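> Sharing a model prediction with you, sequence too.
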Amino acid sequence: MMRISRVQLITLVASSVIANGILSLPQVAAGIGGPGGWLVVVAVGLYSVIQILFLALVCRRFPNVNFIDLTKKVLGGFTGTIIAVLLIIYFTLLASLVARGVANAGNTTVYTSTPPLVLMGVMVLISVYAVYHGLEVLARVNLILFVIKMLIFFPVMLVILPQVDWGNLLPLWERGTISWVEGLLNIQSSFAGFIIFAFAYPHLQNPKGGVLAGIYALVSVTIVYTIVTVLAILVFSSEEVARMNWPVIFLIRVVAVPVDAPYMAFWVASAFSVISSSIFMACYTLEKLFKLRDYRYFLPPLAVIVIAVALIPKSNLETATFAVNLAYLGASFEWVLPMVLLVMAVIGNKRETPA
């Protein structure tokens with residue numbers, strides 16, 4: 001059985017969350033809370049930590065049971081099967097959304113003359129290759145990439161500091177122009193992907209450290225998102241940020257030295273993590289649903305489906321609409337399902353029976 005360490009779990013979860021959301025998150029946050037938009041990010045981040053705590057507590061009751069069988073044990077076979085099918089759809093759409101985001105951002109910045117199909121195809125094929133070698137290899141790759149991404153992220157953010165205007169953070173409680181319901185759904189979608197925790201938990205070398213690992217992962221994501229949002233508001237003001245499609249890209253361009261390529265490397269690596277994790281979870285769910293020995297049979301057709309779906313949005317606006325619609329499904333699985341599983345497991349006093 002594949003085994004991963006607690007540090008690998010932390011970086012796997014964190015890397016599976018940070019991707020498309022980092023590009024548009026400051027815009028939505030500023031649109032909701034104005035100069036204090038970063039507080040909205042902190043609030044959603046703290047709530048996501050609570051959600052992963054629920055998920056961790058459920059997994060701790062079934063430390064050696066995969067997430068699909070866990071769902072069936074807690075909610076029943078029929079309901080568990082329906083959820084598994086919907087999870088496959090969700091993970092496939094999430095991978096497609098991030099792949100489309102790679103193409104949109106790439107064509108806007110560094111790869112302006114490269115066809116979107118080429119960018120998406122390369123990203124998906126590399127992700128499939130990583131997934132083919134299993135969760136352990138995927139976790140190791142994400143650990144290496146996470147270190148590299150942080151070595152890129154923090155120096156670039158430091159270089160931006162001379163451009164800031166601290167007055168842009170005031171007044172702290174001014175309201176923005178985006179409604180709370182619409183805005184929170186957008187921000188929530190930026191935290192999508194942490195459900196990988198439930199799929200990786202049974203493979204932990206020491207399950208006792210799993211709960212803290214999940215919390216550390218989401219806290220680190222919240223810190224990164226908060227830093228980006230604060231800097232965007234400090235440099236441009238909340239009113240300007242709320243009108244930008246991708247504030248982070250504009251943020252990078254105010255730096256006196258060229259850092260577009262390093263930041264694009266950071267973002268492409270982040271997108272790879274989300275795409276590969278989503279494809280892994282979709283294939284793993286298919287394997288458990290059909291009780292097969294190997295999920296790798298599903299990789300080629302799933303790669304084709306992911307690319308085909310990613311080709312459907314033709315513009316940034318259509319991609320944003322895709323993201324909002326997918327956020328409704330994501331909210332069900334990553335924000336509601338953990339609470340339901342924990343409540344039902346506690347009420348029914350369900351836990352893994354010792355062998």
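Received, thanks. Quick caveat, the model's predicted, so the values are computed rather than measured.
> Can you identify the element that follows the worst-scoring helix or strand of the chain on mean pLDDT toward the C-terminus?
Taking mean pLDDT, DSSP states H and E as the measure, the chain has helix 180-190 as its least confident helix or strand, at a mean of 74. Taking DSSP states H and E as the definition, the helix or strand that follows helix 180-190 towards the C-terminus is helix 196-200.
> Tell me what angle the helix or strand that that next one is followed by forms with helix 180-190.
Per DSSP H and E, helix 196-200 leads on to helix 210-236 as the next helix or strand towards the C-terminus. Taking axes from the mean of the first three to the mean of the last three C-alpha atoms, to 10 degrees, helix 210-236 and helix 180-190 form an angle of 120 degrees between their directions.
> tell me the mean pLDDT over the next helix or strand along the chain from helix 210-236?
Downstream of helix 210-236, the next assigned helix or strand under DSSP H and E is helix 238-241. The average pLDDT within helix 238-241 is 90.
> and helix 238-241, what does it pack onto?
Where contact means 3 or more C-beta pairs under 8 Å, 6 or more residues apart in numbering; DSSP states H and E, helix 238-241 is packed against helix 21-33. Glycine gets a C-beta too; all of them are placed from N, C-alpha and C.
> in the very next helix or strand once past the helix it packs on, what's buried?
Later in the chain than helix 21-33, the nearest helix or strand by DSSP H and E is helix 37-61. Under the neighbour-count criterion of 16 or more other C-beta atoms under 10 Å, helix 37-61 has 37-42, 44-45, 48-49, 51-59, 61 buried.
> ok, now stretch 331-351?
Using 16+ other C-beta under 10 Å as the test for burial, stretch 331-351 gives 331, 333-335, 337-338, 340-342, 344-345, 350-351.
> Now these in CSV, please, with extra columns for pLDDT and secondary structure.
CSV is the format used below for the buried residues of stretch 331-351 (pLDDT from 0 to 100; DSSP: H, G, I helix; E, B strand; the rest coil):
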residue, pLDDT, secondary structure
Ala331, 83, helix
Phe333, 87, helix
Glu334, 86, helix
Trp335, 84, helix
Leu337, 92, helix
Pro338, 92, helix
Val340, 94, helix
Leu341, 94, helix
Leu342, 93, helix
Met344, 94, helix
Ala345, 93, helix
Lys350, 87, coil
Arg351, 86, coil
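> Identify, from those residues, the entry nearest to Ser277.
In terms of C-beta to C-beta, no member of these lies closer to Ser277 than Glu334, at 12.7 Å.
> Provide a list of residues in contact with the closest one.
Contacts for Glu334 (C-beta atoms under 8 Å, 6 or more residues apart in numbering) come out as Gln51, Phe191, Ala192, Gly193, Phe194, Ile195.
> Give me the distance between the third one and Leu57.
Okay, so that is Ala192. 21 Å (C-beta to C-beta, to the nearest Å).
> so the longest helix seen in the chain versus helix 21-33, what angle?
Taking DSSP state H as the criterion, the chain has its longest helix at helix 77-108. Interaxial angle, helix 77-108 versus helix 21-33 (the same axes, to 10 degrees): 100 degrees.
> and helix 77-108, what does it pack onto?
helix 67-75, helix 116-132, helix 260-289, helix 299-310, helix 316-331.
> Tell me which residues of that helix come out buried.
80, 83-84, 87-88, 90-107.
> ok, now stretch 152-165?
Buried, per 16+ other C-beta under 10 Å, within stretch 152-165: Ile152, Phe153, Val156, Met157, Ile160, Val164.
> shouldn't the fourth one be in contact with Leu231?
Think Met157. Yes: counting by C-beta atoms under 8 Å, Met157 does reach Leu231; the two are 6.1 Å apart.
> buried residues in stretch 62-74?
Buried residues in stretch 62-74, counted by 16+ other C-beta under 10 Å: Phe62, Val65, Asn66, Phe67, Ile68, Asp69, Leu70, Thr71, Lys72, Lys73, Val74.
> my guess is the fifth one meets Gly77, correct?
No: contact status for Ile68 versus Gly77: not in contact, 10.9 Å apart, counting by C-beta under 8 Å.
> OK, contacts around Met120?
Ala99, Arg100, Val102, Ala103, Ile307, Ala310, Leu311.
> distance of it from Val309?
Taken as C-beta to C-beta, the span from Met120 to Val309 is 10 Å.
> now Pro171
43 Å.
> higher neighbour count, these two?
The neighbour count for Pro171 versus Val309, taken as other C-beta atoms under 10 Å, is higher for Val309 (17 against 8).
> Tell me the pLDDT of that one.
96.
> next one: Val257
59.
> what's the answer for His133, then?
Looking at His133, its pLDDT is 91.
> next one: phi and psi at it?
Phi and psi for His133, reported as degrees, to the nearest 10, are phi -90, psi 0.
> do the same with Ile4
Dihedral angles for Ile4 - degrees, to the nearest 10 - are phi -130, psi 160.
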